[in-house]
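1. give me a 3D structure for the following:
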Amino acid sequence: MNNWLNQYKIFVLEDNEIRIDFFKKICAACTLVIATNAEEAIKLLKQNEYDIILLDHDLGGEIYVNSNEQNTGFQVVKYMILNKLQQNSYIIIHSMNYIGAKLMLQNLLTNGYEAEIIPFSFILEMHKKNNPNFNDEYPTN
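-> Residues are numbered from 1 along each chain as shown. Next up, the predicted model:
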């Protein structure tokens, strides 16, 4: 599959196996690193630089998690900011948890990171629109 993502080193924080499979398919030709929890994400973000970072908020199979919980994308963002990690990366928050995603975005932007919220459902719809033969087997929530 040839797309614009292929030229980048991409990091994804996602715990949903179906979404992980989606990211693997659309990024098949690029360098892709995936973490499924906050602890693993922090370890990997300390080790390497990435061009694009996609972050989920709710992890561990939970939905609409409080941002103060330890296993969230927000905790990863706090660690990145505190340790000045990945300051040259473009960060996409793909969480469906709007409150958590907004908190992540506000903290990143306030600290000089380039970031935006693009919910997973929108990423999926845009990919389907640009790839009409794409097999739609992915839930949007």
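
2. against which helices or strands is the lowest-mean-pLDDT helix or strand in the chain packed?
-> Sorted by mean pLDDT, DSSP states H and E, the helices and strands of the chain end with helix 120-130, the least confident at a mean of 86. When contacts are defined as 3 or more Cβ pairs under 8 Å, 6 or more residues apart in numbering; DSSP states H and E, helix 120-130 packs onto helix 17-26. Heads up, the C-betas are built off the backbone N, CA and C, glycines and all.

3. after the helix it packs on, heading C-terminal, what element do we hit next?
-> strand 31-35 (DSSP states H and E).

4. tell me what that next one is packed against?
-> Strand 31-35 sits against strand 9-13, helix 17-26, helix 38-47, with contacts defined as 3+ Cβ pairs under 8 Å, 6+ apart.

5. now that strand: average pLDDT?
-> Mean per-residue pLDDT for strand 31-35: 96.

6. in its sheet, what does that strand sit against?
-> Sheet partners assigned to strand 31-35 using DSSP bridges are listed as strand 9-13 (parallel).

7. and the angle from the strand it pairs with to helix 38-47?
-> Using axes from the mean of the first three to the mean of the last three Cα atoms, to 10 degrees, the direction of strand 9-13 lies 160 degrees away from that of helix 38-47.

8. export only the CA atoms of strand 9-13, formatted as CSV.
-> In CSV, the C-alpha atoms belonging to strand 9-13 read as follows (Å, rounded to 0.1, in the frame of the first residue of the first chain):
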residue,chain,number,x,y,z
LYS,A,9,9.2,6.8,11.5
ILE,A,10,5.9,6.5,13.4
PHE,A,11,5.1,5.6,17.0
VAL,A,12,1.6,4.5,18.0
LEU,A,13,0.2,4.2,21.5
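
9. who's in contact with it?
-> The contact list for strand 9-13, computed with Cβ atoms under 8 Å, 6 or more residues apart in numbering, reads 20, 23, 27, 30-36, 38, 41, 44-45, 48-56, 59, 73, 76, 89.
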